[in-house]
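Peer 1: need a structure here:
(one chain, ligands or ions: 1)
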Amino acid sequence: MKVPFLDLKAQYAAIKSEMDRAIAEVVTDAAFAGGPYVAKFETSFAAFCRCQHAIGVGSGTDALWFALLALGVGAGDEVITVPNTFIATAEAISFCGAKPVFVDVDERTYTMRPDLFERAITAQTKVVIPVHLFGQPADMDPILRIAAAHGLRVIEDACQAHGAEYHGRPVGSLGDAGCFSFYPGKNLGAYGEAGAVITNNQPLAEKIRILRDHGQPRKYFHTVVGWNGRMDGIQGAVLAAKLPHLPAWNEARRAHARLYKELLSGVSGVTLPWEADYSRHVFHIFALRLPGRDAALQRLTNEGIGCAIHYPIPLHLQEAYRDLAYRAGAFPVAERCAGEFLSLPMFPELQAAQVEFVVGRLRAIM
Ligand SMILES: *Cc1c(COP(=O)(O)O)cnc(C)c1O
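Peer 2: All right, here's what the predicted structure looks like:
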């Protein structure tokens, strides 16, 4: 049996007629860049997140960058985030001219430790970006409380957590802005690149709308220097047609996670993903920790089981960030995780028999 890490073709096969119809409408209307299909998706995605505004942009990276710019982040500012995330979180900070400042994560949730965030605050700190890694929300209440006490703004990196909840509230809607990616492999994936910012702050929403469209509130009237960061019409239509399926897809991911955990419980050496009491985890990634990860990954791969590492090198040790002058040992939890994480196949269409097969092979290898 072969088990892919991710199977986007299986999802398309299940909803082919809806997708083909959505794309054909955009092509017939020639509504390619921004426009009515994007606007319609923005309305439904805002409602899904129980938030007032959603602004469709070109990618999750754009979403983070525009949210930071709209909050006034620039040269001389510091933005606190975590080192165990996709590099886009830090790139967006750097592309504002600001400095990323990393803090270590909790051993069980792999998300930002509020006490370490508080200790990293300086006179230059403007914003904090907790990351809802793998689909598990960061512990937002203390983060929001500390940020408010120090006059800081909060941007949630919800790029892996569409539909996840913190104490019953959708992630992305808790801070000043929430950023989402619709990269094809995400829980809600476009047929190309796309992203969105959500916010309950009307002036902030307006700034981001203008920034993503060349700084123009009206065509050819440019009030600020902006960028071309609009969402494609086709992506808006595809995402609007997919959104009603997202709750069932997330439920399927949760069921696969339960089965993995049940079948792997008691295997010595394996640390299973933990769902915090405050959390409704949506398992974008099912990552366990095991010593001897590299050998296990190699053997599973050789047997036709798709596995991955999210992420092999924490950001503070990446060559791109050598100027920040962090050393190995600076963030022990993030560093240990990078050496032990193994992501198993996870996508809604995964079959129970495939989960059983993956666990059987992993147990044999262990
Ligand atoms: C995917 C991702 C991003 C970037 O999104 P893109 O759409 O690929 O630009 C940012 N942060 C995290 C945590 C992500 O997983």
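Peer 1: number of residues surrounding the residue of the chain found nearest the ligand?
Peer 2: In the chain, the residue that lies nearest the ligand is Gly60 (2.4 Å; CB to the nearest ligand atom). For the C-beta atoms, the positions are set from N, CA and C on the backbone; glycine is no exception. Gly60 has 27 neighbours, counted by other CB atoms under 10 Å.
Peer 1: next up, phi/psi of the closest residue to it other than its chain neighbours, please.
Peer 2: Nearest non-adjacent residue to Gly60, counting by CB to CB, 6 or more residues apart in numbering: Ser181, 2.5 Å away. Taking degrees, to the nearest 10, you get phi -110, psi 140 for the backbone angles of Ser181.
Peer 1: what's stretch 246-256 in contact with?
Peer 2: Stretch 246-256 is contacted from outside by 48, 135, 162-163, 187-188, 281-284, 286, 346-350, 352, 355, using CB atoms under 8 Å, 6 or more residues apart in numbering.
Peer 1: among those residues, which ones are in helices?
Peer 2: Among those, DSSP state H puts 48, 352, 355 in helices.
Peer 1: select only the buried ones of the contacts of stretch 246-256 in PyMOL?
Peer 2: Of the contacts of stretch 246-256, the buried ones go into a single PyMOL selection, burial set by 16 or more other CB atoms under 10 Å:
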select buried, resi 48+135+162+163+187+188+281+282+283+284+286+346+347+348+349+350+355
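Peer 1: mark which of the contacts of stretch 246-256 are part of strands, please.
Peer 2: Phe286 (DSSP state E).
Peer 1: residues contacting the residue nearest to Ala320 when sequence neighbours are not counted?
Peer 2: Excluding the flanking residues, the one nearest Ala320 by CB to CB, 6+ apart is Ile87, at 7.2 Å. By CB under 8 Å, 6+ apart, the residues touching Ile87 are 315, 318, 320.
Peer 1: Glu303 too?
Peer 2: Glu303 sits next to Arg361 when contact means CB under 8 Å, 6+ apart.
Peer 1: nearest spatial neighbour of Gln11, skipping sequence neighbours?
Peer 2: Closest to Gln11 by CB to CB, 6+ apart is Glu349, at 6.0 Å.
Peer 1: any idea of the pLDDT on the one you found?
Peer 2: Glu349 carries a pLDDT score of 98 in this model.
Peer 1: is it in contact with Tyr12, as I believe?
Peer 2: No - with contact defined as CB atoms under 8 Å, Glu349 does not count as touching Tyr12 (10.1 Å).
Peer 1: up against the ligand, what does the stretch 1-150 of the chain have?
Peer 2: 59-61, 85-86, 88-89, 131 (CB under 6 Å from any ligand atom).
Peer 1: out of those, give me the two with the largest separation.
Peer 2: Taking CB to CB as the measure, those span a maximum distance of 16.1 Å, between Ser59 and Val131.
Peer 1: run through the strands of the stretch 101-250 of the chain in chain order.
Peer 2: Assigned by DSSP state E, counting those that start in this stretch, the strands in the stretch 101-250 of the chain fall at 125-128, 153-157, 165-166, 169-170, 177-181, 195-199.
Peer 1: same list (those) but as CSV, adding mean pLDDT.
Peer 2: Shown next, in CSV, are the strands of the stretch 101-250 of the chain (pLDDT from 0 to 100):
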stretch, mean pLDDT
strand 125-128, 98
strand 153-157, 99
strand 165-166, 98
strand 169-170, 98
strand 177-181, 98
strand 195-199, 98
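Peer 1: and those as TSV, adding mean neighbour count?
Peer 2: Conversion of the strands of the stretch 101-250 of the chain to TSV gives the following (neighbours: other CB atoms under 10 Å):
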stretch	mean neighbour count
strand 125-128	24
strand 153-157	26
strand 165-166	20
strand 169-170	19
strand 177-181	30
strand 195-199	30
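Peer 1: okay if I get the ones you listed as CSV plus distance to Leu68?
Peer 2: Shown next, in CSV, are the strands of the stretch 101-250 of the chain (distance: least, CB to CB, whole Å):
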stretch, distance to Leu68
strand 125-128, 6
strand 153-157, 7
strand 165-166, 22
strand 169-170, 21
strand 177-181, 9
strand 195-199, 10
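Peer 1: right, and Ile80 touches Lys126 too?
Peer 2: No - the pair Ile80 / Lys126 is not scored as a contact, 9.2 Å apart, by CB under 8 Å.
Peer 1: gap between Glu156 and Pro312?
Peer 2: The gap separating Glu156 from Pro312 is 25 Å, by CB to CB, to the nearest Å.
Peer 1: tell me the contacts of Tyr278?
Peer 2: 137, 139, 141, 166-167 are the contacts of Tyr278 under CB under 8 Å, 6+ apart.
Peer 1: among these, which one has the most neighbours?
Peer 2: Counting by other CB under 10 Å, top hit in those: Pro137 with 29 neighbours.
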